[in-house]
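Participant: this one's sequence-less:
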DNA sequence: ATGAACGAGTGATCTTTGGGGTCG
DNA sequence: CCGACCCCTTTGATCACTCGTTCA
């Protein structure tokens, strides 16, 4: 495994050079680091297990040897030996755990009492040992279950996030390359003249795109390549030149073409990231993650076959056929890379194109998957006879191919059977039934072979998955226009609802579908995902993701749905003229301004200051401005209209729906309805009906109290054994008392907290003489919370009634201890307290500036004075003040006080940790405390 | 093949207000 | 005798979640 991963890492490193963009580089570096760390962890874990086993064996062997030597005198007849070994093993198993951490030095050379095998049956000790043997032996049969630790999860999340960022960066790079004017111009120059008529369509529809996509699909082909070190733009140019490329490149070319034709177009990609949860990779070693990184971020998927030459070419009598039957393509195969029986194509030269013969293809695929991927640039391959025994590589390749075909064909079938909006190109005959059957067969084969340890199959399941496509904004669709899914690679138009199934068939999770435009990005997963409840748990924390996407969304919106500020200003100047012309063409860009050599991408067409394009961009301003909000609404609507899941489990954390059985003990349905449907006979309620309940005391913390005469919405019985141990001992016959109930209330039973008002300067306190200040709302009316140092002393000295303010609990020494911070006093005393505190501060200042002696003396005076004022010893400055050696920290602050210096020579240097600081915002006084108890107050400028 | 039910393991969350000895 | 201070010791119950197994 390690070796595999190592090679993957190397390819990963190589691929860094692919895009020398800083972000990509940095991201890649991050990924590598994480992967290395992860690999280390996982390999070390594996190593642990291996070591465990190895150690075990060694220990057993050693001990057996030892025993042998020790039992030299024992009779060694063959009858007892096997039993002896078993028994010895049992002991070793029993002591193994303890031995794990011990060094050899920990072991004394001593004889292990081994009884004569003949006699052991009569020995009681031995019997005991034999019993111990049964446990580990039975556990051997059990699968070693190692659950993911918190660290594993954290690591997996980190990898997931970094991977996401890398893929985002990658998408932006590709998107940017699609805007390349030269590439766009070259594409346009390739375009047949008759297809240019599409530019005359004012409001483009998905239907109008069919000839264009057909041409593109017939012109450009997928080929899996060994990547050379080059930028994506170069790769794109190369793909353009050779008409072949990776799925990513071909998809990018299609985007570039649409943009060249002035269609508002996005490059859309499934970000196939490493799993958010460590368990997902449990059975797929990190090599697969690395592989996916290599294949997903910096190149398209690669065939997981070590030596491409090992892949045989099935020798069914195919003169040619297209793997992209019915317009669908498998990634690692294309018609151009399919080899004739007696020839191998070379990668550099243009490949001959073969006409698609679906019927023939059907036969071919039914017999065997006789399509050969061109696996490397050399394109060399050795034709082989499929009749013979297939090697692993053959088998695997066929599986990949089958999956790819199956995946895409499913979508095709649904397309053809589906709505009229769905267009299927290049297909005349449905292969679905047979392909589906094949798919199932192949799946069986796959599971069978993988169980045999077919390592090369790792990662290959994702082959064929639709990972890249385009979204073209079709103004002629619906009333308002909409984004249309255009997968030129697979010749699919408007097949958004097929993507999920196709991806699922290739084991690709549709967790993140991101559309790129204008160097920005937008999450459009909702458009392609019907079962969001399956996706949501696999996605990263939405806050983080939204924050990451926020700036990119603006860029994307600016490119596809809005107008740049400068353009808007410019357009404002020409407002009158625009108004006149705006009413003429509210749709997409004008075809009449089409030029073969575009100066800008479709998104930036409005930058072209000339004639109608400019006018249109302005005219579209309000229109396109709503385009994004319309799309947001569309995605939002999809989010709110998810179909009811059919299995109960799915309701457990469903965002929209709930089953009563999955409610937690602190939840309740209120109101109980409406019932949206039933699942296995259980009524389904909207999630909005699920209310969280809390005890009365808990609501108080939030400044809410239960209304009068409200009965608890739920009463829980809680075992209180520990609490009532003493009670129980005293009244052990009252078992009922060992249970206590918790009365829970819901939000609808609450009202704002009404605490008794402070009267006559007396603070209302609880039974402990405190005020619990969980928030400002918990303060009794007429009181104020003062969180000032020494305020206790001041209040006491002024003989003002106060209550310690309890702000929470902390666990210390295994028990909860209340945390106090400041005091609560009646509002009328606030000024008096602050005044006195202020006077103390002033006195300190005067002392420090004009007092006889050094500032240190003044400082010591301060503390002394404080104590004097309060008449009470102040803990924080009691001992330490007398022992401190001087202030250790001076910053920009104006030091109001400094510690006494040099009075006592001690080694201790004060350390003022930030968490020990308190800050009085009103007076801008910061109190810093050393752990020794020494404190210092500074006024911040 | 799928899903329900169940059990086991794990991590997260909730809990929530000292007491005895020593010294000045 | 009283009050201040130090030291002790670092919970554990419960819930939610996940995964594996079994069974229908």
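Facilitator: Cool, the structure landed. Because the structure is a prediction, the values reported are computed rather than measured. Numbering: from 1, shown residues only, chains lettered A, B, ... in the order given.
Participant: only C-alpha atoms for contact and neighbour calcs from this point on.
Facilitator: Will do.
Participant: which residue, other than its chain neighbours, is closest to residue A:919?
Facilitator: residue A:926 (4.3 Å; Cα to Cα, 6 or more residues apart in numbering).
Participant: what pairs with that neighbour across the strands?
Facilitator: As for beta bridges, residue A:926 partners with residue A:919, residue A:938 under DSSP bridges.
Participant: what about it, how many neighbours?
Facilitator: 19 (other Cα atoms under 10 Å).
Participant: isn't it up against residue A:916?
Facilitator: No: in this structure, residue A:926 is not within contact of residue A:916 by Cα atoms under 8 Å, at 10.5 Å.
Participant: which stretches in the stretch 651-800 of chain A count as strands?
Facilitator: Applying DSSP state E, counting those that start in this stretch to the stretch 651-800 of chain A gives strands spanning A:657-659, A:667-669, A:677-679, A:682-686, A:690-692, A:694-695, A:704-706, A:714-719, A:739-745, A:750-752, A:771-772, A:783-786.
Participant: turn the ones you listed into JSON lines, columns for mean neighbour count and mean pLDDT.
Facilitator: Shown next, in JSON lines, are those (neighbours: other Cα atoms under 10 Å; pLDDT from 0 to 100):
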{"stretch": "strand A:657-659", "mean neighbour count": "24", "mean pLDDT": "90"}
{"stretch": "strand A:667-669", "mean neighbour count": "20", "mean pLDDT": "91"}
{"stretch": "strand A:677-679", "mean neighbour count": "14", "mean pLDDT": "89"}
{"stretch": "strand A:682-686", "mean neighbour count": "19", "mean pLDDT": "90"}
{"stretch": "strand A:690-692", "mean neighbour count": "18", "mean pLDDT": "91"}
{"stretch": "strand A:694-695", "mean neighbour count": "18", "mean pLDDT": "90"}
{"stretch": "strand A:704-706", "mean neighbour count": "21", "mean pLDDT": "92"}
{"stretch": "strand A:714-719", "mean neighbour count": "14", "mean pLDDT": "77"}
{"stretch": "strand A:739-745", "mean neighbour count": "18", "mean pLDDT": "79"}
{"stretch": "strand A:750-752", "mean neighbour count": "15", "mean pLDDT": "93"}
{"stretch": "strand A:771-772", "mean neighbour count": "24", "mean pLDDT": "89"}
{"stretch": "strand A:783-786", "mean neighbour count": "21", "mean pLDDT": "92"}
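Participant: next, format these as CSV and append distance to DNA strand C.
Facilitator: Below are the strands of the stretch 651-800 of chain A laid out as CSV (distance: least, Cα to the nearest atom of the strand, whole Å):
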stretch, distance to DNA strand C
strand A:657-659, 12
strand A:667-669, 8
strand A:677-679, 16
strand A:682-686, 17
strand A:690-692, 10
strand A:694-695, 12
strand A:704-706, 22
strand A:714-719, 4
strand A:739-745, 9
strand A:750-752, 22
strand A:771-772, 20
strand A:783-786, 21
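Participant: any chance of the ones you listed in JSON lines, with distance to residue A:198 too?
Facilitator: Shown next, in JSON lines, are the strands of the stretch 651-800 of chain A (distance: least, Cα to Cα, whole Å):
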{"stretch": "strand A:657-659", "distance to residue A:198": "45"}
{"stretch": "strand A:667-669", "distance to residue A:198": "56"}
{"stretch": "strand A:677-679", "distance to residue A:198": "47"}
{"stretch": "strand A:682-686", "distance to residue A:198": "47"}
{"stretch": "strand A:690-692", "distance to residue A:198": "53"}
{"stretch": "strand A:694-695", "distance to residue A:198": "63"}
{"stretch": "strand A:704-706", "distance to residue A:198": "65"}
{"stretch": "strand A:714-719", "distance to residue A:198": "66"}
{"stretch": "strand A:739-745", "distance to residue A:198": "65"}
{"stretch": "strand A:750-752", "distance to residue A:198": "64"}
{"stretch": "strand A:771-772", "distance to residue A:198": "73"}
{"stretch": "strand A:783-786", "distance to residue A:198": "73"}
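Participant: among those strands, which is nearest residue A:809?
Facilitator: strand A:771-772 (10.7 Å; Cα to Cα).
Participant: for the closest one, name the packing helices and strands.
Facilitator: With contacts taken as 3 or more Cα pairs under 8 Å, 6 or more residues apart in numbering; DSSP states H and E, strand A:771-772 sits against strand A:802-812.
Participant: mind doing that once more with 10 Å?
Facilitator: Here strand A:771-772 touches strand A:802-812, strand A:815-826, going by 3 or more Cα pairs under 10 Å, 6 or more residues apart in numbering; DSSP states H and E.
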